[in-house]
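Novice: Got a sequence here, can you model it:
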Amino acid sequence: MLPNHDSANYSFPKMSCSKVFMSSSSAALILSCLLLLLVNADCSPPDYPIKCLHNNHECTITNIYGTFPDRSTCQVAGVVYPSSEDELVSVVAAATKIKRKMKVATRYSASIPKSVCPTDEGGHLISTLNLNKIHKVDKVAGTMTVDTGVTLRRLINEAAEAGLALPNSPYWWGLTVGGMLETGAHGSSLWGSGSAVHDYVVEIRIVSPGGPEDGFVKVRTLNESHAEFDAAKVSLGVLGVISQVTFRLEPLFKRSVTYMTKDDNDLGDEALVFGKQYEFAELTRYPTRCKVLHCIDDRVPSTTLGNGLNDFFRFRSTLVPSLALNRLAGE
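Specialist: Numbers count the residues shown, from 1 in each chain. Next comes the predicted model:
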(Lines give C-alpha, C1' and ligand atoms only; values in the text may rest on other atoms or scores of the structure.)
Protein backbone atom coordinates (compact mmCIF):
# COMPACT_ATOMS: atom_id res chain seq x y z
CA MET A 1 0.00 0.00 0.00
CA LEU A 2 1.26 3.46 -0.77
CA PRO A 3 2.17 5.47 2.34
CA ASN A 4 -0.57 7.35 4.15
CA HIS A 5 0.13 11.08 3.99
CA ASP A 6 -2.15 13.98 4.89
CA SER A 7 -2.62 14.72 1.20
CA ALA A 8 -3.58 12.21 -1.46
CA ASN A 9 -2.09 14.34 -4.22
CA TYR A 10 0.71 12.04 -5.29
CA SER A 11 2.67 13.06 -8.35
CA PHE A 12 3.83 10.32 -10.69
CA PRO A 13 5.82 10.84 -13.89
CA LYS A 14 3.88 10.12 -17.04
CA MET A 15 5.35 7.80 -19.64
CA SER A 16 4.22 7.10 -23.16
CA CYS A 17 3.08 3.53 -23.75
CA SER A 18 3.66 1.56 -26.90
CA LYS A 19 3.20 -2.01 -28.03
CA VAL A 20 6.22 -4.29 -27.93
CA PHE A 21 6.83 -6.81 -30.70
CA MET A 22 9.08 -9.79 -30.04
CA SER A 23 11.50 -11.19 -32.58
CA SER A 24 11.66 -14.92 -33.26
CA SER A 25 15.14 -15.12 -31.70
CA SER A 26 13.90 -13.47 -28.51
CA ALA A 27 10.95 -15.84 -28.37
CA ALA A 28 13.28 -18.81 -28.74
CA LEU A 29 15.50 -17.53 -25.94
CA ILE A 30 12.51 -17.04 -23.66
CA LEU A 31 11.31 -20.58 -24.40
CA SER A 32 14.76 -21.93 -23.56
CA CYS A 33 14.79 -20.00 -20.30
CA LEU A 34 11.37 -21.36 -19.37
CA LEU A 35 12.48 -24.94 -19.99
CA LEU A 36 15.62 -24.38 -17.92
CA LEU A 37 13.55 -22.98 -15.07
CA LEU A 38 11.27 -26.00 -15.13
CA VAL A 39 14.23 -28.37 -14.98
CA ASN A 40 15.87 -26.50 -12.09
CA ALA A 41 12.73 -25.81 -10.04
CA ASP A 42 13.34 -26.32 -6.32
CA CYS A 43 11.16 -25.71 -3.27
CA SER A 44 13.66 -26.12 -0.45
CA PRO A 45 14.12 -23.41 2.21
CA PRO A 46 17.23 -21.18 2.11
CA ASP A 47 20.55 -22.49 3.39
CA TYR A 48 21.47 -21.76 7.00
CA PRO A 49 23.43 -18.48 6.79
CA ILE A 50 26.14 -19.25 9.39
CA LYS A 51 29.03 -21.56 8.50
CA CYS A 52 31.84 -22.38 10.96
CA LEU A 53 35.17 -24.17 10.57
CA HIS A 54 35.68 -25.39 14.13
CA ASN A 55 32.81 -26.05 16.56
CA ASN A 56 31.09 -22.65 16.30
CA HIS A 57 34.40 -20.79 15.88
CA GLU A 58 35.96 -19.11 12.82
CA CYS A 59 32.62 -18.46 11.18
CA THR A 60 31.10 -16.56 8.29
CA ILE A 61 27.56 -15.28 7.90
CA THR A 62 25.67 -14.20 4.81
CA ASN A 63 22.03 -13.31 4.18
CA ILE A 64 19.09 -15.10 2.61
CA TYR A 65 20.31 -14.14 -0.86
CA GLY A 66 23.73 -15.65 -0.28
CA THR A 67 25.62 -12.38 -0.69
CA PHE A 68 25.69 -8.82 0.65
CA PRO A 69 25.36 -5.81 -1.67
CA ASP A 70 29.11 -5.10 -1.54
CA ARG A 71 29.90 -8.80 -2.29
CA SER A 72 32.14 -8.95 0.80
CA THR A 73 32.42 -11.81 3.29
CA CYS A 74 31.42 -11.25 6.91
CA GLN A 75 33.81 -13.12 9.19
CA VAL A 76 33.26 -13.52 12.93
CA ALA A 77 35.27 -15.20 15.65
CA GLY A 78 32.38 -17.37 16.83
CA VAL A 79 28.66 -17.88 17.38
CA VAL A 80 26.63 -18.84 20.46
CA TYR A 81 23.20 -20.50 20.51
CA PRO A 82 21.28 -19.69 23.71
CA SER A 83 18.09 -21.72 24.11
CA SER A 84 16.51 -19.77 26.99
CA GLU A 85 16.42 -16.25 28.36
CA ASP A 86 18.70 -17.28 31.23
CA GLU A 87 21.33 -18.49 28.77
CA LEU A 88 20.94 -15.29 26.74
CA VAL A 89 21.48 -13.23 29.90
CA SER A 90 24.69 -15.13 30.64
CA VAL A 91 25.97 -14.61 27.09
CA VAL A 92 25.32 -10.85 27.13
CA ALA A 93 26.85 -10.44 30.59
CA ALA A 94 30.01 -12.34 29.66
CA ALA A 95 30.46 -10.38 26.43
CA THR A 96 29.84 -7.03 28.12
CA LYS A 97 32.34 -7.78 30.87
CA ILE A 98 35.21 -8.30 28.41
CA LYS A 99 33.90 -5.63 25.97
CA ARG A 100 33.34 -8.11 23.17
CA LYS A 101 31.31 -6.86 20.22
CA MET A 102 28.28 -8.98 19.37
CA LYS A 103 25.45 -8.91 16.82
CA VAL A 104 22.22 -10.90 16.68
CA ALA A 105 21.62 -13.37 13.84
CA THR A 106 18.21 -14.79 12.93
CA ARG A 107 17.17 -18.13 11.43
CA TYR A 108 17.59 -17.14 7.77
CA SER A 109 19.33 -13.75 8.12
CA ALA A 110 16.68 -12.15 5.91
CA SER A 111 18.30 -8.73 5.62
CA ILE A 112 19.82 -7.24 2.50
CA PRO A 113 22.19 -4.76 4.26
CA LYS A 114 25.27 -6.05 6.07
CA SER A 115 23.96 -4.90 9.45
CA VAL A 116 24.35 -8.36 11.01
CA CYS A 117 28.14 -8.19 10.72
CA PRO A 118 30.18 -7.03 13.77
CA THR A 119 32.55 -4.15 13.10
CA ASP A 120 35.64 -6.31 13.63
CA GLU A 121 36.52 -9.96 13.02
CA GLY A 122 36.94 -10.55 16.75
CA GLY A 123 33.21 -10.06 17.25
CA HIS A 124 30.71 -12.83 17.90
CA LEU A 125 27.15 -13.62 16.87
CA ILE A 126 24.19 -14.46 19.08
CA SER A 127 21.93 -16.75 17.07
CA THR A 128 18.23 -16.85 17.98
CA LEU A 129 17.82 -20.21 16.23
CA ASN A 130 17.09 -22.05 19.50
CA LEU A 131 15.10 -19.26 21.13
CA ASN A 132 11.95 -20.64 19.56
CA LYS A 133 9.45 -21.51 22.30
CA ILE A 134 5.76 -20.65 22.54
CA HIS A 135 5.36 -19.64 26.20
CA LYS A 136 1.67 -18.83 26.59
CA VAL A 137 -1.52 -18.55 24.57
CA ASP A 138 -4.46 -16.87 26.29
CA LYS A 139 -7.58 -17.45 24.18
CA VAL A 140 -9.77 -15.27 26.40
CA ALA A 141 -7.45 -12.25 26.40
CA GLY A 142 -6.38 -12.91 22.81
CA THR A 143 -2.68 -12.72 23.68
CA MET A 144 0.29 -14.90 22.83
CA THR A 145 3.83 -14.82 24.30
CA VAL A 146 6.67 -16.25 22.24
CA ASP A 147 10.47 -16.28 22.02
CA THR A 148 12.26 -13.90 19.70
CA GLY A 149 13.38 -16.66 17.33
CA VAL A 150 9.90 -18.02 16.56
CA THR A 151 9.24 -17.76 12.82
CA LEU A 152 6.24 -15.97 11.38
CA ARG A 153 5.01 -19.26 9.95
CA ARG A 154 4.94 -20.89 13.37
CA LEU A 155 3.41 -17.80 14.97
CA ILE A 156 0.57 -17.86 12.44
CA ASN A 157 -0.01 -21.61 12.77
CA GLU A 158 0.08 -21.67 16.59
CA ALA A 159 -2.27 -18.70 16.76
CA ALA A 160 -4.67 -20.37 14.33
CA GLU A 161 -4.76 -23.48 16.53
CA ALA A 162 -6.14 -21.23 19.28
CA GLY A 163 -8.61 -19.53 16.93
CA LEU A 164 -6.53 -16.34 16.75
CA ALA A 165 -4.82 -14.38 13.98
CA LEU A 166 -2.11 -11.75 13.54
CA PRO A 167 -3.96 -9.18 11.37
CA ASN A 168 -0.95 -7.86 9.44
CA SER A 169 2.40 -9.35 8.51
CA PRO A 170 5.10 -9.28 5.82
CA TYR A 171 4.81 -11.65 2.87
CA TRP A 172 7.52 -14.17 3.78
CA TRP A 173 6.86 -16.39 6.78
CA GLY A 174 10.51 -17.37 7.32
CA LEU A 175 11.08 -14.10 9.21
CA THR A 176 11.46 -14.26 12.99
CA VAL A 177 9.53 -12.33 15.61
CA GLY A 178 12.59 -10.41 16.80
CA GLY A 179 13.73 -9.63 13.27
CA MET A 180 10.31 -8.32 12.26
CA LEU A 181 10.09 -6.01 15.27
CA GLU A 182 13.62 -4.65 15.08
CA THR A 183 13.24 -3.70 11.41
CA GLY A 184 9.65 -2.44 11.48
CA ALA A 185 8.37 -5.17 9.14
CA HIS A 186 4.81 -4.62 7.96
CA GLY A 187 1.95 -5.71 5.78
CA SER A 188 -0.40 -3.40 3.87
CA SER A 189 -3.30 -1.59 5.53
CA LEU A 190 -4.60 1.83 6.51
CA TRP A 191 -7.17 0.30 8.85
CA GLY A 192 -7.24 -0.46 12.56
CA SER A 193 -4.05 -0.38 14.60
CA GLY A 194 -1.87 -0.22 11.49
CA SER A 195 -0.01 -2.50 9.10
CA ALA A 196 3.21 -3.08 11.09
CA VAL A 197 3.79 -6.20 13.18
CA HIS A 198 4.88 -4.08 16.15
CA ASP A 199 1.46 -2.39 16.15
CA TYR A 200 0.10 -5.61 17.69
CA VAL A 201 2.77 -6.02 20.40
CA VAL A 202 1.73 -5.26 23.98
CA GLU A 203 4.87 -6.33 25.87
CA ILE A 204 8.51 -7.19 25.23
CA ARG A 205 11.41 -8.43 27.32
CA ILE A 206 14.79 -7.12 26.24
CA VAL A 207 18.27 -8.09 27.43
CA SER A 208 20.78 -5.22 27.39
CA PRO A 209 24.39 -4.65 28.52
CA GLY A 210 24.75 -3.28 32.06
CA GLY A 211 27.41 -1.96 34.39
CA PRO A 212 29.37 -3.82 37.09
CA GLU A 213 26.67 -2.94 39.61
CA ASP A 214 24.14 -4.81 37.41
CA GLY A 215 26.29 -7.86 36.81
CA PHE A 216 27.02 -6.45 33.33
CA VAL A 217 23.48 -7.16 32.11
CA LYS A 218 19.95 -5.76 32.45
CA VAL A 219 16.64 -7.45 31.69
CA ARG A 220 13.77 -5.04 31.10
CA THR A 221 10.07 -5.76 30.71
CA LEU A 222 8.39 -2.99 28.73
CA ASN A 223 4.71 -2.57 27.90
CA GLU A 224 2.26 0.08 26.76
CA SER A 225 2.57 1.92 30.08
CA HIS A 226 6.24 2.77 29.45
CA ALA A 227 7.18 5.92 27.55
CA GLU A 228 10.06 4.18 25.77
CA PHE A 229 7.96 1.22 24.61
CA ASP A 230 7.49 2.39 21.01
CA ALA A 231 11.20 3.11 20.61
CA ALA A 232 12.19 -0.27 22.04
CA LYS A 233 9.87 -2.17 19.68
CA VAL A 234 11.66 -0.84 16.57
CA SER A 235 15.19 -0.24 17.82
CA LEU A 236 17.26 -1.88 15.03
CA GLY A 237 18.97 -3.93 17.73
CA VAL A 238 20.88 -1.02 19.28
CA LEU A 239 19.15 -1.34 22.69
CA GLY A 240 19.86 -5.01 23.25
CA VAL A 241 18.44 -8.42 22.37
CA ILE A 242 14.68 -8.93 22.43
CA SER A 243 14.07 -12.21 24.25
CA GLN A 244 10.27 -12.51 24.46
CA VAL A 245 7.31 -10.80 22.82
CA THR A 246 3.61 -10.73 23.73
CA PHE A 247 1.13 -10.08 20.92
CA ARG A 248 -2.49 -8.97 21.10
CA LEU A 249 -4.22 -10.98 18.39
CA GLU A 250 -7.68 -11.00 16.82
CA PRO A 251 -10.25 -13.76 16.25
CA LEU A 252 -9.31 -16.02 13.34
CA PHE A 253 -10.42 -14.89 9.89
CA LYS A 254 -9.65 -15.54 6.23
CA ARG A 255 -8.81 -13.09 3.47
CA SER A 256 -10.42 -12.88 0.06
CA VAL A 257 -8.08 -11.60 -2.65
CA THR A 258 -8.96 -10.35 -6.14
CA TYR A 259 -6.51 -8.79 -8.61
CA MET A 260 -7.47 -6.13 -11.12
CA THR A 261 -5.30 -4.20 -13.58
CA LYS A 262 -6.05 -0.57 -14.46
CA ASP A 263 -4.36 2.35 -16.18
CA ASP A 264 -2.28 4.58 -13.91
CA ASN A 265 -3.76 7.88 -15.12
CA ASP A 266 -5.56 8.68 -11.86
CA LEU A 267 -3.30 6.80 -9.44
CA GLY A 268 -2.51 9.90 -7.39
CA ASP A 269 -6.19 10.57 -6.71
CA GLU A 270 -7.15 6.94 -6.26
CA ALA A 271 -4.44 5.64 -3.90
CA LEU A 272 -5.82 6.89 -0.59
CA VAL A 273 -9.43 6.17 -1.54
CA PHE A 274 -8.54 2.60 -2.52
CA GLY A 275 -6.59 2.08 0.69
CA LYS A 276 -9.53 3.15 2.82
CA GLN A 277 -11.99 1.06 0.82
CA TYR A 278 -10.33 -2.35 1.37
CA GLU A 279 -8.70 -3.45 4.63
CA PHE A 280 -5.54 -5.00 3.13
CA ALA A 281 -5.48 -3.06 -0.14
CA GLU A 282 -2.27 -2.98 -2.13
CA LEU A 283 -1.15 -1.18 -5.29
CA THR A 284 1.75 -2.22 -7.51
CA ARG A 285 2.67 0.14 -10.34
CA TYR A 286 4.33 -0.98 -13.57
CA PRO A 287 5.51 2.35 -15.07
CA THR A 288 6.81 0.92 -18.37
CA ARG A 289 3.32 -0.45 -19.05
CA CYS A 290 1.43 2.52 -17.56
CA LYS A 291 -0.54 0.03 -15.47
CA VAL A 292 -1.34 -0.48 -11.79
CA LEU A 293 -2.12 -3.86 -10.27
CA HIS A 294 -4.89 -3.45 -7.69
CA CYS A 295 -4.99 -6.09 -4.96
CA ILE A 296 -8.52 -6.06 -3.53
CA ASP A 297 -7.90 -7.82 -0.23
CA ASP A 298 -10.54 -8.00 2.52
CA ARG A 299 -11.20 -10.18 5.53
CA VAL A 300 -13.98 -12.76 5.40
CA PRO A 301 -15.30 -15.20 8.04
CA SER A 302 -13.08 -18.19 8.81
CA THR A 303 -15.97 -20.43 7.73
CA THR A 304 -15.68 -19.20 4.13
CA LEU A 305 -14.87 -22.03 1.71
CA GLY A 306 -11.36 -22.19 0.27
CA ASN A 307 -7.83 -22.27 1.66
CA GLY A 308 -5.60 -20.48 -0.83
CA LEU A 309 -1.91 -19.69 -0.35
CA ASN A 310 -0.24 -16.48 -1.49
CA ASP A 311 3.03 -17.86 -2.86
CA PHE A 312 4.86 -14.53 -3.10
CA PHE A 313 8.11 -14.62 -5.09
CA ARG A 314 9.51 -11.09 -5.38
CA PHE A 315 12.03 -11.22 -2.54
CA ARG A 316 13.43 -14.68 -3.26
CA SER A 317 16.86 -15.31 -4.69
CA THR A 318 16.27 -15.67 -8.43
CA LEU A 319 17.95 -17.81 -11.07
CA VAL A 320 19.80 -15.90 -13.80
CA PRO A 321 17.60 -17.31 -16.61
CA SER A 322 14.53 -15.92 -14.84
CA LEU A 323 16.11 -12.47 -14.58
CA ALA A 324 17.01 -12.61 -18.28
CA LEU A 325 13.45 -13.61 -19.10
CA ASN A 326 12.00 -10.67 -17.16
CA ARG A 327 14.43 -8.27 -18.79
CA LEU A 328 13.49 -9.47 -22.28
CA ALA A 329 9.81 -9.12 -21.48
CA GLY A 330 10.38 -5.55 -20.28
CA GLU A 331 12.29 -4.63 -23.42
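
Novice: Let me know the pLDDT of the closest residue to Trp191 other than its chain neighbours.
Specialist: Leaving aside its chain neighbours, Trp191 sits nearest to Glu279 (4.8 Å; criterion: C-beta to C-beta, 6 or more residues apart in numbering). Where you see a C-beta, it was placed from the backbone N, CA and C, and this is true even at glycine. Turning to Glu279, the model gives it a pLDDT of 94.

Novice: What segments of the protein are helices?
Specialist: Remark: helices assigned in the chain by DSSP state H are 24-39, 85-97, 152-161, 177-183, 229-233, 267-277, 320-330.

Novice: So which of these is the most surrounded?
Specialist: Sort these by mean neighbour count, taking mean count of other C-beta atoms under 10 Å, and helix 177-183 sits at the top with a mean of 25.

Novice: Now do the same for that one: mean pLDDT, whole number.
Specialist: On average, helix 177-183 scores 94.

Novice: rewinding a little: need the helices of the chain in a markdown table with distance to Asn310, can you?
Specialist: Below are these laid out as a markdown table (distance: least, C-beta to C-beta, whole Å):
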| stretch | distance to Asn310 |
| --- | --- |
| helix 24-39 | 20 |
| helix 85-97 | 34 |
| helix 152-161 | 12 |
| helix 177-183 | 17 |
| helix 229-233 | 26 |
| helix 267-277 | 19 |
| helix 320-330 | 19 |
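
Novice: wait, which of those helices is closest to Ile64?
Specialist: In terms of C-beta to C-beta, the element of the helices of the chain nearest to Ile64 is helix 177-183, at 10.8 Å.

Novice: ok now that closest one, how far from the chain's centre?
Specialist: Offset of helix 177-183 from its chain centre (C-alpha atoms, centre = their mean, to the nearest Å): 7 Å.

Novice: That helix - contacts with which helices or strands?
Specialist: helix 152-161, strand 241-248 (3 or more C-beta pairs under 8 Å, 6 or more residues apart in numbering; DSSP states H and E).

Novice: mind giving me the domain split of this protein?
Specialist: Following automatic domain parsing, the chain resolves into domains at 1-41+253-331, 50-127, 134-251.

Novice: weakest of these by average pLDDT?
Specialist: Here the lowest mean pLDDT among the domains of the chain goes to domain 1-41+253-331, at a mean of 72.

Novice: give the contact list for Glu250.
Specialist: With contacts defined as C-beta atoms under 8 Å, 6 or more residues apart in numbering, Glu250 is in contact with Gly142, Leu164, Ala165, Leu166, Pro167.

Novice: about what we covered before: just tell me which of the helices and strands packed on helix 177-183 ends up closest to Ile296.
Specialist: With distances scored as C-beta to C-beta, the stretch of those nearest to Ile296 is helix 152-161 (21.9 Å).

Novice: how much does the closest one deviate in direction from strand 241-248?
Specialist: Calculated by axes from the mean of the first three to the mean of the last three C-alpha atoms, to 10 degrees, helix 152-161 forms an angle of 30 degrees with strand 241-248.

Novice: Can you tell me what sits against helix 152-161?
Specialist: Here helix 152-161 makes contact (C-beta under 8 Å, 6+ apart) with 132, 134, 137, 144, 146, 165-166, 169-170, 172-177, 180, 247, 249, 252.

Novice: Kindly report the same for stretch 108-124.
Specialist: Against stretch 108-124 from outside (C-beta under 8 Å, 6+ apart): 45-46, 48-50, 61-65, 68-70, 72, 74-80, 95, 100-105, 125, 172, 174-175, 179, 183, 236-237.

Novice: Thought Arg248 was touching Ala165, still the case?
Specialist: No. Counting by C-beta atoms under 8 Å, Ala165 stays clear of Arg248, with 11.4 Å between them.

Novice: returning to what we had before: could you tell me which of the contacts of stretch 108-124 count as buried?
Specialist: Burial by neighbour count, 16 or more other C-beta atoms under 10 Å: within the contacts of stretch 108-124 this picks out 46, 49-50, 61-65, 68, 74, 76-80, 95, 100, 102-105, 125, 172, 174-175, 179, 183, 237.

Novice: right, and Leu222 touches Ala232 too?
Specialist: Yes. Taking contacts as C-beta under 8 Å, Leu222 lies within contact range of Ala232: 5.2 Å.

Novice: what residues do these two have in common as contacts?
Specialist: Each of Ile204, Ile206 lies in contact with both Leu222 and Ala232 under the rule C-beta under 8 Å, 6+ apart.
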